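Asks: Whatever this is, show me its structure:
(one chain, ligands or ions: 2)
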Amino acid sequence: MDMAMAARLGPLGLPHAALLGSSAAASTRALPLAPSRAPRLPYPLPHFPTCRRPSSSSSAAAYAARPRPRRGSPRLLAVRAMASGNPYAAELAAAKKAVTLAARLCQAVQQDIVHSGIQSKADKSPVTVADYGSQILVSLVLKMEVSSGPFSLVAEEDSEELRKDGAEEILEEITDLVNETISDSGSYNISFMKEGILSAIDDGKSKGGPTGRHWVLDPIDGTKGFVRGDQYAIALALLDEGKVVLGVLACPNLPLSSISNPNGSSSGGQVGALFSATIGCGAEVESLDGSPPQKISVCSIDNPVNASFFESYESAHSMHDLTGSIAEKLGVLAPPVRIDSQAKYGALARGDGAIYLRFPHKGYKEKIWDHAAGSIVVTEAGGIVTDAAGNDLDFSKGRFLDLDTGIIATNKQCY
Ligand SMILES: Nc1ncnc2c1ncn2[C@@H]1O[C@H](COP(=O)(O)OS(=O)(=O)O)[C@@H](OP(=O)(O)O)[C@H]1O
Ligand SMILES: [Mg+2]
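Replies: Ligands and ions are numbered 1, 2, ... in the order given. Prediction:
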């Protein structure tokens, strides 16, 4: 186990030594103290000294020097959102439309993969087709639906492989699939040539950053789950001045009812959930088939003994032995719920479990598209998402998250 990582396990309030063997614990001096366990709000409460103009010149100076929220700070964005309804309503509608269309394409390909048994072979082309197809659809729909300002998309794929000799057939397959999905949806009377398809992929090359608006996309999050016929997600978020202000998660295989109680299904075993959240406006879930959205909130469990926890299905993506030992120290009795993709964030946000632990192996750098949408869905549902040292995730640094410790998301009461 990485001792430096264990030393930073503050958020769950565990004594650091609890994660280390006793001799190792004795040698870990001068460790940072665990942060207070007092509940933390995702955004500090807004505090505006006054909104009225001052009358005297001295108070004018004080007024000018008053503490103001940083431009684009989460609290300012949340206050703005609450004051004006939803300032990102148009972007939210476009984002939902884009991931719903992408989900249809992915569902069709996944059914083919599962029925053909191809998942047991080394042939990765169906996944490739779905990955590119999903990114192209999201890119095209966003460009058609959101006209304000320059278009910037930070996404996983680029067209380099598809421009190489020998890729003509797969490019044609992708082009046909995208055009068929658009045509079947009845939303647009338009079809795209190969060059338009390639350039839609390359729209995703943006580097993101701390200024302006950037869409952030994982066209298929949980590709291994996708190939297995299990969980995956199409995850799309919007950054505004470096902060996540909107997120949508299409989870085509996630049951609409809670996965914490597989026997208590209240939605007739229906699958296909669409989670969404906008800063300051809460989080919602609806069916991918278009049921009305319903507000969601994290569960109210305050004792880990009664909690279940989520983690990656793949042990290569998160250290199961470490998370198991953390859960044990916390007193969690239930076995881990292992599912692929950001569906974990969605499930946590609607209260299916209380804790999500993610500890990649040393040296892995998390990408922003693997957490942007999921994290706002959880925080807007009343939960909290930090790195293992208790710091907020910083999405303003480009395509990667600037952390190497791990990620902890909880319902806040278990934080
Ligand atoms: N080595 C390693 N360590 C940690 N994380 C990694 C690693 N490799 C990949 N990834 C990223 O994990 C994403 C999927 O992981 P999830 O936890 O969401 O699902 S899974 O249960 O592991 O399949 C996965 O997303 P997709 O690539 O979209 O599938 C990757 O972004
Ligand atoms: Mg991913």
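Asks: what's the distance between the most centrally placed residue in the chain and A343?
Replies: Geometric centre of the chain, nearest residue: G374, 2.4 Å, by Cα atoms, centre = their mean. In this structure, G374 and A343 are 9 Å apart, going by Cβ to Cβ, to the nearest Å. Where you see a C-beta, it was placed from the backbone N, CA and C, and this is true even at glycine.
Asks: quick revisit: from A409, how far out is the residue nearest to the centre of the chain?
Replies: G374 is 8 Å from A409, by Cβ to Cβ.
Asks: Name the residues contacting each of those two.
Replies: Counting by Cβ atoms under 8 Å, 6 or more residues apart in numbering, the shared contacts of G374 and A409 are Y345, V385.
Asks: what about the residue nearest to the centre of the chain, distance to L348?
Replies: In terms of Cβ to Cβ, G374 sits 9 Å off from L348.
Asks: Pull up the overlap in contacts between these two.
Replies: Common neighbours of G374 and L348 (Cβ under 8 Å, 6+ apart) are A409.
Asks: residue of the stretch 201-350 of the chain with the smallest distance to ligand 2?
Replies: For the stretch 201-350 of the chain and ligand 2, the shortest gap (Cβ to the ion) falls at D221, measuring 3.7 Å.
Asks: In contact with that residue, which residues?
Replies: Y232, A233, I234, A235, D340, S341, Q342, W369, D370 are the contacts of D221 under Cβ under 8 Å, 6+ apart.
Asks: now do T100
Replies: A250, L274, L288.
Asks: try it again with 10 Å
Replies: Listed by Cβ atoms under 10 Å, 6 or more residues apart in numbering, the contact set of T100 reads 137, 141, 185, 187, 234, 248, 250, 252, 272, 274, 286, 288-290.
Asks: of those residues, the lowest pLDDT goes to which?
Replies: Across the set of these, G290 stands lowest in pLDDT, at 88.
Asks: pull the longest helix from the protein.
Replies: helix 89-116 (DSSP state H).
Asks: Now do that one: distance to the chain's middle.
Replies: How far helix 89-116 lies from its chain's middle: 16 Å, per Cα atoms, centre = their mean, to the nearest Å.
Asks: could we number from 122 for the rest of this?
Replies: Right, with 122 as the first residue, what we last looked at is helix 210-237.
Asks: by contact count, what packs against the following helix or strand past it?
Replies: Next helix or strand after helix 210-237 toward the C-terminus (DSSP states H and E): helix 246-266. Using 3 or more Cβ pairs under 10 Å, 6 or more residues apart in numbering; DSSP states H and E as the contact test, the elements touching helix 246-266 are helix 210-237, strand 274-276, helix 289-306, helix 315-323, strand 334-342, helix 344-349, strand 354-361, strand 364-376.
Asks: need these in JSON lines with distance to F521, can you?
Replies: Formatted as JSON lines, the helices and strands packed on helix 246-266 follow (distance: least, Cβ to Cβ, whole Å):
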{"stretch": "helix 210-237", "distance to F521": "22"}
{"stretch": "strand 274-276", "distance to F521": "10"}
{"stretch": "helix 289-306", "distance to F521": "27"}
{"stretch": "helix 315-323", "distance to F521": "20"}
{"stretch": "strand 334-342", "distance to F521": "12"}
{"stretch": "helix 344-349", "distance to F521": "19"}
{"stretch": "strand 354-361", "distance to F521": "14"}
{"stretch": "strand 364-376", "distance to F521": "15"}
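Asks: Out of those, which is closest to V426?
Replies: Across the helices and strands packed on helix 246-266, V426 has its closest neighbour in strand 364-376 (25.4 Å, Cβ to Cβ).
Asks: how's this structure carved up into domains?
Replies: 204-417, 420-531 (automatic domain parsing).
Asks: Most tightly packed of the ones you listed?
Replies: domain 420-531 (a mean of 21; mean count of other Cβ atoms under 10 Å).
Asks: Can you name the two of the contacts of D342 that sit furthest apart?
Replies: Among the contacts of D342, D461 and W490 lie farthest apart (Cβ to Cβ), at 15.0 Å.
Asks: got the phi/psi numbers for the closest residue to K345 other than its chain neighbours?
Replies: Nearest residue to K345 in three dimensions, chain neighbours excluded: E435, at 5.8 Å (Cβ to Cβ, 6 or more residues apart in numbering). When read as degrees, to the nearest 10, the backbone of E435 gives phi -90, psi 120.
Asks: What of the one 4 residues further on?
Replies: As for S439, its main-chain torsions (degrees, to the nearest 10) stand at phi -160, psi 140.
Asks: Now do it against P481, distance only.
Replies: S439 is 6 Å from P481, by Cβ to Cβ.
Asks: Tell me how far the residue in the stretch 172-321 of the chain that ligand 1 sits nearest to lies from A455.
Replies: The nearest approach of the stretch 172-321 of the chain to ligand 1 comes at E277, 6.5 Å away (Cβ to the nearest ligand atom). Separation of E277 from A455 (Cβ to Cβ) stands at 33 Å.
Asks: and what of G484?
Replies: 31 Å.
Asks: quick one on the thing from earlier: which stretch in the domains of the chain has the least confidence?
Replies: domain 204-417 (a mean of 91).
Asks: got the residues of the stretch 422-536 of the chain near ligand 2?
Replies: The stretch 422-536 of the chain comes close to ligand 2 at residues D491, as judged by Cβ under 5 Å from the ion.
Asks: one more time with 8 Å, if that's ok
Replies: S462, Q463, K488, W490, D491 (Cβ under 8 Å from the ion).
Asks: Ok, the chain next?
Replies: So the chain meets ligand 2 at E277, D339, I341, D342, G343, T344, A356, S462, Q463, K488, W490, D491 (Cβ under 8 Å from the ion).
Asks: how about the residues of the stretch 372-521 of the chain near ligand 1?
Replies: S433, Y434, E435, A437, H438, D461, S462, P481, H482, Y485, K488, D491 (Cβ under 6 Å from any ligand atom).
Asks: isn't the fifth one right up against E432?
Replies: It stands for H438. Yes - the criterion here is Cβ atoms under 10 Å, and H438 meets it with E432 at 8.8 Å.
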